[in-house]
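S.K.: Next input, structure requested:
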Amino acid sequence: MKSPIKVAMLFIALCSSNVAMADARLQVEIVPLKGDLGETSIALKLSNVGDQVAVVAESSLPTLNARKMLLDDPFIVKQQDGREVQFFGIMRDTLSETPSSLSIPPGGSFSLDINLASGYSLSPGLGYTIGLRAPISYRTADGRNAEAGPIKRQSGKWQSAYPAPRTVVVPVTGRTMKQARAGEFLEPVACVDPAGTPPSAKKVQFSRVYWLG
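M.R.: Numbering: from 1, shown residues only. Model prediction:
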């Protein structure tokens, strides 16, 4: 017969193991889209492969304005010779007063479709390596703050998730040729906030705000 002390130690070990395993684990992928909409588009897919709810900081996700233009140069887009592609989207210089989050349940996923040609000068027929400039920030929900919405006091430790760089080839079509010609004449746009504060030269961590038209 096992002694009470050994049984108690075994029970404590099993409980500790279960607690250690109870955690959110986020996997991030860059997935090229197929079909007509996938000529210059990718999907940024977030999958929670852990066993607890993952709370993702929306400020760490790529952001689009109402016109579907990319904001804040979120990707590293490199040509085959290693040179980085020019970003001609909008650079903001304002922070959201209330940073927000989204929740992904265990086994769940979230996907964000992005047209790279809305922010980067891409040439038809060429291949590009796509990577995120900054990681996706997430934490394990503590049960009291698992719902999506404003980020309040956090008890879980923030973690980072990076997708592996992905190579995409831009097809030669009438639409990609038109986008390439338009991109040749565009420069990055610095955006002034509604209060009239001029853009600074220093890039900061941005949150998702939709006052841009």
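S.K.: Wait, Ala134 touches Leu61, no?
M.R.: No. If you go by Cβ atoms under 8 Å, Ala134 and Leu61 don't touch, sitting 10.0 Å apart. Quick note: C-beta positions are derived from backbone N, CA and C, even for glycine.
S.K.: what kind of secondary structure is Ser59 in?
M.R.: helix (DSSP: H, G, I helix; E, B strand; the rest coil).
S.K.: Look at Val168 and report its pLDDT.
M.R.: The score at Val168 is 91. That number is its pLDDT.
S.K.: quick one on the thing from earlier: looking at Ala134 and Leu61, which is more packed in?
M.R.: Shown here are Ala134 and Leu61; by other Cβ atoms under 10 Å, Leu61 has more neighbours (20 against 16).
S.K.: Make sure the more buried one is actually in contact with Ile136.
M.R.: Yes. At 6.8 Å, Leu61 and Ile136 qualify as touching, with contact defined as Cβ under 8 Å.
S.K.: number of nearby residues for the residue nearest to Glu84 when sequence neighbours are not counted?
M.R.: Closest residue to Glu84 apart from its sequence neighbours, by Cβ to Cβ, 6 or more residues apart in numbering: Lys78 at 5.5 Å. Counted with other Cβ under 10 Å, the neighbours of Lys78 add up to 17.
S.K.: for Glu84, same thing?
M.R.: With other Cβ under 10 Å as criterion, Glu84 counts 13.
S.K.: For the residue nearest to Glu84, what are phi and psi?
M.R.: phi -120, psi 140 (degrees, to the nearest 10).
S.K.: unless I'm mixing things up, it is touching Thr129, no?
M.R.: Yes. Here Lys78 lies in contact with Thr129, judged by Cβ under 8 Å, at a distance of 4.6 Å.
S.K.: Return the set of residues that bridge with Met91.
M.R.: Ala190 (DSSP bridges).
S.K.: mind checking the SS state of the closest residue to Leu112 other than its chain neighbours?
M.R.: Nearest residue to Leu112, sequence neighbours excluded (Cβ to Cβ, 6+ apart): Leu44, at 4.6 Å. At Leu44, secondary structure determined by three-state DSSP is strand.
S.K.: could we number from 32 for the rest of this?
M.R.: With 32 as the first residue, the last one maps to Leu75.
S.K.: tell me the contacts of Leu75?
M.R.: Listed by Cβ atoms under 8 Å, 6 or more residues apart in numbering, the contact partners of Leu75 are 59-62, 92-93, 142-143, 145, 163, 194.
S.K.: Kindly report the same for Thr171.
M.R.: Thr171 makes contacts with 53-55, 81, 83-86, 187-188, as judged by Cβ under 8 Å, 6+ apart.
S.K.: try 6 Å
M.R.: By Cβ atoms under 6 Å, 6 or more residues apart in numbering, the contact set of Thr171 is 54-55, 83, 187.
S.K.: Neighbour-wise, give me the winner out of those.
M.R.: Within the contacts of Thr171, neighbour counts (other Cβ under 10 Å) peak at Ala55, which reaches 23 neighbours.
S.K.: pretty sure it contacts Val86?
M.R.: No. Between Ala55 and Val86 no contact is recorded; they are 7.6 Å apart, counting by Cβ atoms under 6 Å.
S.K.: Could you check how many residues crowd around Val199?
M.R.: Here the number of neighbours of Val199 (other Cβ under 10 Å) works out to 22.
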